[in-house]
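Enquirer: Quick one: sequence plus predicted model below, questions after.
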Amino acid sequence: MPRPSRQNEIAEVCRLSGASPDSVKNFFSRPGRLSPELRQSIAEAVAQVGYRPIRRPSGALKGIRVGYQMPRSWSRPSSVMQSQLTELVRAVQTAGGLLVPFVVDVEVPGVVDVIGGTPAERADRTLGLEAWHREYAAGRTIPTYHDMIRTHGVNAFVVNDLAGDDPRLNTLRAEQVPYVALGRPQETSPRPAGSAHPYVETDNALGIAREVLLLWQRTGCRTFGHVGFAEDGSGVPAQRTLDTRVAVQGAAARAGIVAAEVPKLAVAYSHSRASSTSTLGRILEWLESHQDLDAVVCDSDHIAYLVHEAASRGGRALMLTGNDDDPIRRTVFPEAQRWMTLRGDQPSAMRAAIDLLAQIRAGQTPSHRAVPPNIIGAPGTPWDATTSID
């Protein structure tokens, strides 16, 4: 049965909703111009008729296939990562391109569990299976990128989950394939002028500085501590903990609220129960030796949760800041109202990444973009309210 003409569909939407053709057009392009009642009437008519406007690809990446390697850490649910993927798809499509997600296949023929064998074998560190698996997976990465280019027609990449001196970035540059990194590349040697990798990062330093200022202005906090990741290469970029330390000390010094030196406790990156118990004990001891603290800035919400637990056991009510807007904050409501966090502005970050890709394809030499995060649960607002950083 042939589909009715587009004009007939529009006419039927107008008849059912009582709207004009211009109002129906605005419904899809500028809905803010319509009253809530008219929007609802058009929405019901559109659903009944099944009308959808034809959206022809256009934009700076028209016809471009953008590759995106799905990170292994996505094996467990993450609202942050899901938001990143959703917004990247939207940004690529808006620019006229097509996002091509892919994975690095690390299966070995004849081996059932390449990740490390039996539980007993995985627990035996002398076997080195975990390190072997990482090394094997890394060796499969570059061939997989080549396959995406040659077999699947991918002609640009957005690269995430960066490693130190990440070989993907250097390979794509050498082969003149346009790419943008999500996060600041960590390199052991400085690159020559004009050859830096293009990247987009969340400006955590700005976000932390704004959090410190809000705590000073709205809650009267004057003394700050910092519990952050140890710079041990355990999976957290050293730049994050460096940004935090610099931001806390710099914001505090500029505000004149504490001495420039802010006490810090470094903890290992781990979510295991045994490690968390050990870390909790260290935080308890650290808080006992810093009785004057009003607030503690934490590198992640997982760390903030441990600080909250330690402070509660000690009968203290500290103000806290975290990062990544982890659902763990919900488990301590209403105490979460004393704990704000940062959430990356994924829509802006993904648009910035695609904008950089478009500039590269146009022959320009962009460097990087720093996108301010949003603050969640700022003092004086609901615990889940979003505050933008101008």
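Expert: Structure received. Numbering: from 1, shown residues only.
Enquirer: The residue nearest to residue 98 when sequence neighbours are not counted and residue 99: what is the separation?
Expert: Leaving aside its chain neighbours, residue 98 sits nearest to residue 65 (5.1 Å; criterion: C-beta to C-beta, 6 or more residues apart in numbering). Glycine gets a C-beta too; all of them are placed from N, C-alpha and C. Distance, residue 65 to residue 99, using C-beta to C-beta, to the nearest Å: 8 Å.
Enquirer: cool, residue 151 as well?
Expert: Distance, residue 151 to residue 99, using C-beta to C-beta: 17 Å.
Enquirer: okay, the two: which has more neighbours?
Expert: residue 99 (20 against 8; other C-beta atoms under 10 Å).
Enquirer: Look at that one and report its pLDDT.
Expert: Looking at residue 99, its pLDDT reads 96.
Enquirer: just residue 225 next, same as before
Expert: We have a pLDDT of 90 for residue 225.
Enquirer: Help me confirm that it is found in a strand?
Expert: Yes: with DSSP: H, G, I helix; E, B strand; the rest coil as the criterion, residue 225 is part of a strand.
Enquirer: For it, list the residues it contacts.
Expert: Contact analysis of residue 225 by C-beta atoms under 8 Å, 6 or more residues apart in numbering lists 262, 263, 264, 265, 286, 290, 293, 295, 296, 297.
Enquirer: so the fourth one sits in a strand?
Expert: Read that as residue 265. Yes: counting by three-state DSSP, residue 265 is part of a strand.
Enquirer: thought it was touching residue 283?
Expert: Yes: counting by C-beta atoms under 8 Å, residue 265 touches residue 283, with 6.6 Å between them.
Enquirer: between those two, what contacts are shared?
Expert: Common neighbours of residue 265 and residue 283, using C-beta under 8 Å, 6+ apart, are residue 227.
Enquirer: Count the residues that sit near residue 212.
Expert: Residue 212: 26 surrounding residues under other C-beta under 10 Å.
Enquirer: Repeat that for residue 150.
Expert: Residues near residue 150, counting by other C-beta under 10 Å, number 9.
Enquirer: do residue 322 as well
Expert: Look at residue 322: counted by other C-beta under 10 Å, it has 27 neighbours.
Enquirer: go on, residue 349?
Expert: For residue 349, using other C-beta under 10 Å, the count is 25.
Enquirer: if I look at the residue nearest to it when sequence neighbours are not counted, how far off is residue 12?
Expert: Distances taken as C-beta to C-beta, 6+ apart put residue 371 closest to residue 349, at 4.6 Å, once the chain neighbours are dropped. Here the distance between residue 371 and residue 12 works out to 43 Å (C-beta to C-beta).
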